[in-house]
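Trainee: From the sequence below, what's the structure:
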Amino acid sequence: EVQLVESGGGLVQAGGSLRLSCVADGFTFDDAAIGWFRQAPGKAREWVSCISSSDGRTYYTTSVKGRFTISSDNAKNTVYLQMNSLKPEDTAVYYCAADAKVDVCHSLMNYWGKGTLVTVSA
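Mentor: Numbering: from 1, shown residues only. Coordinates of the predicted model:
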């Protein structure tokens, strides 16, 4: 059974930073895409960032480019999302998701974590 467990969420003031972690159990990062999605209150879930384990390519949605950095430690089966210059509009539940044999993330990823809440105060 695959489990993705997120951690690192919390309350931070605007302009602050947080680092989210996603540990995968039962899923190896070989030839896979691992990403972060988020869902703000009353809004649809949106894709935030993705990393391809095969070539290390990273992808970001426009609103977080230059502020968020995704990285992975394949030996630890862990993906990180470093979030800097946080804004109140970044407030959301952040979910880690993974899928095998793909290079990019998509909305129907096979495996999902339960999420970690990020709250950014003004």
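Trainee: How about the contacts made by the residue lying closest to residue 70 once chain neighbours are set aside?
Mentor: Leaving aside its chain neighbours, residue 70 sits nearest to residue 49 (4.3 Å; criterion: CB to CB, 6 or more residues apart in numbering). C-beta here means a position set from N, CA and C on the backbone, and glycine is covered the same way. By CB atoms under 8 Å, 6 or more residues apart in numbering, residue 49 lies in contact with 35, 36, 58, 59, 60, 61, 64, 68, 70, 81.
Trainee: For residue 57, see how far away residue 49 is.
Mentor: 11 Å (CB to CB, to the nearest Å).
Trainee: Where does the residue nearest to residue 70 sit, in terms of helix or strand?
Mentor: Taking DSSP states H and E as the criterion, residue 49 maps to strand 46-52.
Trainee: Quick check: next helix or strand after that strand?
Mentor: That would be, after strand 46-52 and using DSSP H and E, strand 58-60.
Trainee: mean confidence score for that following strand?
Mentor: Mean pLDDT, strand 58-60: 97.
Trainee: So what's the gap between whichever helix or strand comes after it and the chain middle?
Mentor: Next helix or strand after strand 58-60 toward the C-terminus (DSSP H and E): strand 68-73. What separates the centre of strand 68-73 from the centre of its chain is 8 Å, taken as CA atoms, centre = their mean, to the nearest Å.
Trainee: Run me through the strand neighbours of strand 68-73, direction for each.
Mentor: Sheet pairing for strand 68-73, assigned by DSSP bridges, gives strand 78-83 (antiparallel).
Trainee: Next secondary structure element downstream of the strand it pairs with?
Mentor: Strand 78-83 is succeeded, C-terminally, by strand 92-100 (DSSP H and E).
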